[in-house]
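A.B. asks: Curious how this folds, go ahead:
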Amino acid sequence: MTPAAALQAGLTALRRGDAAAARRALEPVERAGQATAQMKLLLAQACAMLGDAPAAHRALDGVLAAEPANLYALIMRGDSLNSAGDPRAAVSWYEAALRQAPRAGRLPQDLIDMLRRAETAVAGSGAIFEAHLEQHLQASGVVPASVGARFTEALEILAARAEVQLQQPTSFYYPGLAQRAFFEAEEFAWVPALEAAAPAILAELETLLASDAVLAPYVAPEENRPAKRHPLLADPRWSAFHLYRGGALVPENASRFPKTLAALEGLPIPHIAGRSPMVLFSVLRPGTHIPQHHGMINTRLICHLPLIVPPGCHLRVGNHKRAVEQGRMMIFDDTIEHEAWNESDQTRVVLLFEIWRPDLSATEREGLTALYEAIGAYGVTAEDQAGA
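C.D. replies: The predicted structure is shown next:
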């Protein structure tokens, strides 16, 4: 029988439910090394229907050796293992198929149905696995919340309810720094004094807000640069009032905030020509959401001193979402994905500035200052520098 005739005979036999006839038609062609991937799939199906799992596995292995991303073969391999009572192994094949599916383009309905079944199997196996973990931890006397936030987050990631959240700076990455979303205020000796100064800073801010001072959109287009792809580009709903910008004092603004600037003296704020300090009031209008994004460099931390905070204001960094509290410092790594909400009908205002990461040595800070200044000076002429 020719391969083409064997294929037709196998298909016809399977359609009428005669797995033995399909196997008799297809197996000689497969042994002769003339079987296509489609024929091997049909042979695997026939062997599975006959309860011959080893033969089905051999046929599927032949398909996957030639076509590692064959979705039918991946799911059928999972089905075979699931039927054999090994759901953990089956899930690995189902997950492989689900990872490949988005790259496969338009899919036939029968394959879509198989993928949906695989999804259901993965979800069911995940629930069983979670129950197993919970039971085992309880028997061991382990309460996740008592172990700590990192342990709890690890369990969330293991259960696929959260994703691994790492630093992804858009401009410069410095290796070896701790992957931490939030740093606690209690870790910084200068925080209590700054929080104590919040009422005085708020008084200066209220004077500003009562005036006709112009707030600039926080995300603004840059001259001679492509337009930023940001939903709040040039949008006054997220605005800023700068005391320091690009490392330089903004005199007309700073003169109105002497107590604010005095409260920031002595803090580990970077001083980098053309870049830092950065000190501003971040103003978020009612009902505004700052969508998820990443900061530019991971050698700094962003500090928020919330000054005007209506209910419904939150900040998420990585897998951690916290309520914004008036007068309570928030310190975080903005190169980890983050977003913010003002779900109230009032304006939210925070004092925003940056500090060096505490895990950088003095020598590293000196080296990074020189490096950042060199990057900033690239392409700038001597005449430009003289006129700056």
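
A.B. asks: then stretch 189-204 to PDB, C-alphas only?
C.D. replies: Provided in PDB are the C-alpha atoms of stretch 189-204 (Å, rounded to 0.1, in the frame of the first residue of the first chain):
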ATOM      1  CA  ALA A 189      17.000  57.800  59.600                       C
ATOM      2  CA  TRP A 190      16.100  61.100  57.900                       C
ATOM      3  CA  VAL A 191      12.400  60.200  57.300                       C
ATOM      4  CA  PRO A 192      11.000  61.200  60.700                       C
ATOM      5  CA  ALA A 193      12.300  64.800  60.400                       C
ATOM      6  CA  LEU A 194      11.000  65.100  56.900                       C
ATOM      7  CA  GLU A 195       7.500  63.800  57.900                       C
ATOM      8  CA  ALA A 196       7.500  66.200  60.800                       C
ATOM      9  CA  ALA A 197       8.100  69.100  58.300                       C
ATOM     10  CA  ALA A 198       5.100  68.000  56.200                       C
ATOM     11  CA  PRO A 199       2.700  70.600  57.800                       C
ATOM     12  CA  ALA A 200       5.100  73.500  57.000                       C
ATOM     13  CA  ILE A 201       5.600  72.100  53.400                       C
ATOM     14  CA  LEU A 202       1.800  71.800  53.000                       C
ATOM     15  CA  ALA A 203       1.300  75.400  54.100                       C
ATOM     16  CA  GLU A 204       3.700  76.600  51.300                       C
END
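
A.B. asks: so where do the strands sit in this structure?
C.D. replies: In the chain, the strands defined using DSSP state E lie at 182-183, 216-217, 238-245, 248-249, 279-284, 288-293, 300-308, 313-317, 320-323, 330-332, 338-342, 348-356.

A.B. asks: will you turn these into a markdown table that also has mean pLDDT, mean neighbour count and distance to residue 99?
C.D. replies: C-betas here are computed from N, CA, C, even on glycine. Converted to a markdown table, the strands of the chain look like this (pLDDT from 0 to 100; neighbours: other Cβ atoms under 10 Å; distance: least, Cβ to Cβ, whole Å):
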| stretch | mean pLDDT | mean neighbour count | distance to residue 99 |
| --- | --- | --- | --- |
| strand 182-183 | 98 | 18 | 31 |
| strand 216-217 | 86 | 15 | 40 |
| strand 238-245 | 95 | 20 | 37 |
| strand 248-249 | 96 | 14 | 49 |
| strand 279-284 | 96 | 23 | 38 |
| strand 288-293 | 96 | 15 | 23 |
| strand 300-308 | 98 | 22 | 34 |
| strand 313-317 | 98 | 19 | 27 |
| strand 320-323 | 97 | 15 | 27 |
| strand 330-332 | 98 | 21 | 32 |
| strand 338-342 | 97 | 21 | 27 |
| strand 348-356 | 98 | 22 | 38 |
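
A.B. asks: TSV for the ones you listed, including distance to residue 32?
C.D. replies: What follows is the strands of the chain, written out as TSV (distance: least, Cβ to Cβ, whole Å):
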stretch	distance to residue 32
strand 182-183	65
strand 216-217	72
strand 238-245	69
strand 248-249	80
strand 279-284	71
strand 288-293	56
strand 300-308	67
strand 313-317	60
strand 320-323	61
strand 330-332	65
strand 338-342	60
strand 348-356	70
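
A.B. asks: Those strands: which one's closest to residue 52?
C.D. replies: Nearest of the strands of the chain to residue 52, taken as Cβ to Cβ: strand 288-293 at 50.8 Å.

A.B. asks: which strands and helices sit next to the closest one?
C.D. replies: Judged by 3 or more Cβ pairs under 8 Å, 6 or more residues apart in numbering; DSSP states H and E, strand 288-293 is in contact with strand 338-342.

A.B. asks: rewinding a little: so which of the strands of the chain is nearest residue 128?
C.D. replies: Residue 128 lies closest, by Cβ to Cβ, to one member of the strands of the chain: strand 320-323, at 28.1 Å.

A.B. asks: so which of the strands of the chain gets nearest residue 161?
C.D. replies: Taking the strands of the chain one by one with Cβ to Cβ, strand 320-323 is closest: 13.4 Å.

A.B. asks: Paired strands for that closest one, with orientation please.
C.D. replies: The strands that strand 320-323 pairs with in its sheet are strand 313-317 (antiparallel) (by DSSP bridges).

A.B. asks: Send me the partner strand as PDB with only the CA atoms.
C.D. replies: C-alpha atoms of strand 313-317 as PDB (Å, rounded to 0.1, in the frame of the first residue of the first chain):
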ATOM      1  CA  CYS A 313      -5.400  57.100  46.100                       C
ATOM      2  CA  HIS A 314      -3.100  54.100  45.600                       C
ATOM      3  CA  LEU A 315       0.300  53.200  44.300                       C
ATOM      4  CA  ARG A 316       1.300  49.800  42.900                       C
ATOM      5  CA  VAL A 317       4.900  48.800  42.500                       C
END
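
A.B. asks: so how far is it off the chain centroid?
C.D. replies: From the chain centre to the centre of strand 313-317 is a distance of 15 Å (Cα atoms, centre = their mean, to the nearest Å).

A.B. asks: ditto for stretch 91-103
C.D. replies: The answer for stretch 91-103 is 21 Å, by Cα atoms, centre = their mean.
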